[in-house]
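Visitor: Return atomic coordinates for the entry below.
(2 chains)
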Amino acid sequence: AQKITQTQPGMFVQEKEAVTLDCTYDTSDQSYGLFWYKQPSSGEMIFLIYQGSYDEQNATEGRYSLNFQKARKSANLVISASQLGDSAMYFCAMREVRGISGSARQLTFGSGTQLTVLP
Amino acid sequence: DAGVIQSPRHEVTEMGQEVTLRCKPISGHNSLFWYRQTMMRGLELLIYFNNNVPIDDSGMPEDRFSAKMPNASFSTLKIQPSEPRDSAVYFCASSPRETGGGTDTQYFGPGTRLTVL
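Guide: Okay, here's the model as predicted:
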């Protein structure tokens, strides 16, 4: 089974409107982290926002917020007041906590959602 | 502060040639990751290092691929001999030491776009 599922290959949103990008995950760990990255057409991977599994409040970073529903294992990204520059591929990723203490754990990425903001 | 630096940004080579990709992580980060991105397979972890030591190389496709991290500020990913199916974007990422309560966020370099003819 896939660990990270992004069911929306493509999304369109009108400029200045809000949009939600879906992400569901699968893990048996109690401690894990969820990340969203943005990949514009230029190709770089830009970190947007992080949510820890024990965080009680949803993460927010400027116009980005993460709608974290632990029981449903979902971590949707909400972008408010969309801008033309938000057009990009968006990846959801999960870091599970395993291995020896102090070592970094790998990220598992979803397949991505291509967001297009319309003028 | 400088981000993760990768070179070259683009590489075009012929099948059978050796290819070396380079990465300089963010200063002070102690973990380094190599990923490969293709349309068919998305983003895949190839190998990661912690304190210059390879921790997990299970994602390395085959023996033609090798990675080294001789010191905390430099890593290489080598493909020898290269094949057309190795064409992809190769990303290097680094993250700081996990403190238990930290984000352990990985910061990516700009990537190297490799084309093997």
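Visitor: Going by neighbour count, which residues of the worst-scoring helix or strand of chain A on mean pLDDT are buried?
Guide: Sorting the helices and strands of chain A by mean pLDDT, DSSP states H and E puts strand A:107-109 at the bottom, at a mean of 89. Under the neighbour-count criterion of 16 or more other Cβ atoms under 10 Å in any protein chain shown, strand A:107-109 has A:107, A:108, A:109 buried. Every C-beta, even on glycine, is put in place using the N, C-alpha and C of the backbone.
Visitor: got the contact list for the nearest residue to residue A:6 once chain neighbours are set aside?
Guide: Counting by Cβ to Cβ, 6 or more residues apart in numbering or on different chains, residue A:6 lies nearest to residue A:110, which is 3.9 Å off, once chain neighbours are set aside. The contact partners of residue A:110, by Cβ atoms under 8 Å, 6 or more residues apart in numbering or on different chains, come to A:2, A:4, A:5, A:6, A:23, A:91, A:92, A:93, B:42.
Visitor: mind putting these in TSV, distance to residue B:52 and secondary structure included?
Guide: Converted to TSV, the contacts of residue A:110 look like this (distance: Cβ to Cβ, whole Å; DSSP: H, G, I helix; E, B strand; the rest coil):
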residue	distance to residue B:52	secondary structure
A:2	32	coil
A:4	29	strand
A:5	35	strand
A:6	34	coil
A:23	33	coil
A:91	28	strand
A:92	30	strand
A:93	24	strand
B:42	28	strand
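Visitor: Could I have the buried ones of those residues as PyMOL selection syntax?
Guide: Per 16+ other Cβ under 10 Å, the buried members of these correspond to this PyMOL selection:
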select buried, chain A and resi 4+5+6+23+91+92+93
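Visitor: Make a markdown table out of the contacts of residue A:110 and add pLDDT and distance to residue A:15.
Guide: Shown next, in a markdown table, are these (pLDDT from 0 to 100; distance: Cβ to Cβ, whole Å):
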| residue | pLDDT | distance to residue A:15 |
| --- | --- | --- |
| A:2 | 66 | 32 |
| A:4 | 95 | 28 |
| A:5 | 96 | 28 |
| A:6 | 97 | 23 |
| A:23 | 98 | 23 |
| A:91 | 97 | 22 |
| A:92 | 97 | 23 |
| A:93 | 94 | 27 |
| B:42 | 91 | 28 |
